[in-house]
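K.L.:
Got a predicted structure plus its sequence, pasted below:
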Amino acid sequence: MGFTIGGDYVPNKRNEKEKGPVKVYKEKRKGSYVTLIKNLPLETAEKKELLSSLKKSLACGGSLKGEEILLQGDKLQEAKEYLKKQGYKF
């Protein structure tokens with residue numbers, strides 16, 4: 001819960017890694033699999049950096065669609081291992 005200073009509302013700032021569990025799952029789209037990563041507690045610029053490092057380490061393509069990261073192919077286990085090393089909880 002936030003508090004007030006001089007009558008102004010100041011929201012609590014939570015640690016980014018404690019915002020909630022990250023969801024990683026795969027879907028079949030047009031005959032191919034895509035791995036989706038949701039609920040990342042990051043700003044857009046930080047998500048772009050994470051996407052770039054994921055694409056390089058997993059050797060796949062991907063994109064950022066709104067609040068979720070899409071990786072081409074069935075990279076579920078590899079993505080979970082990478083994110084665990086970065087300190088995210090599932």
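P.N.:
Perfect, thanks for sending it. For clarity, every value in this text was computed on a predicted model and none was experimentally measured.
K.L.:
would you put the C-alpha positions of the host helix or strand of Y25 in CSV?
P.N.:
Assigned by DSSP states H and E, Y25 belongs to strand 23-29. Once non-C-alpha atoms are left out, strand 23-29 reads as follows in CSV (Å, rounded to 0.1, in the frame of the first residue of the first chain):
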residue,chain,number,x,y,z
LYS,A,23,4.9,-17.6,-17.2
VAL,A,24,6.7,-19.6,-19.9
TYR,A,25,4.7,-21.8,-22.2
LYS,A,26,4.4,-23.0,-25.8
GLU,A,27,1.6,-22.8,-28.3
LYS,A,28,1.1,-24.3,-31.8
ARG,A,29,0.5,-21.6,-34.4
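K.L.:
So for it, mean pLDDT?
P.N.:
For strand 23-29, the per-residue pLDDT values average out at 95.
K.L.:
what does that strand contact?
P.N.:
33-39, 74-76, 79-80, 83, 90 (C-beta atoms under 8 Å, 6 or more residues apart in numbering). Placement of C-beta: from N, CA and C, glycine included.
K.L.:
Show the residue spans covered by the helices in the chain.
P.N.:
Secondary structure of the chain by DSSP state H: the helices cover 44-58, 76-86.
K.L.:
Among the contacts of strand 23-29, which ones are in strands?
P.N.:
Among the contacts of strand 23-29, the ones falling in strands (DSSP state E) are Y33, V34, T35, L36, I37, K38.
K.L.:
Filter the residues you listed down to just the buried residues.
P.N.:
If you count burial by 16 or more other C-beta atoms under 10 Å, the buried members of the ones in strands among the contacts of strand 23-29 come out as V34, T35, L36, I37.
K.L.:
pretty sure the second one is touching L71, no?
P.N.:
Yes: applying C-beta atoms under 8 Å as the test, T35 and L71 come out as touching, 4.2 Å apart.
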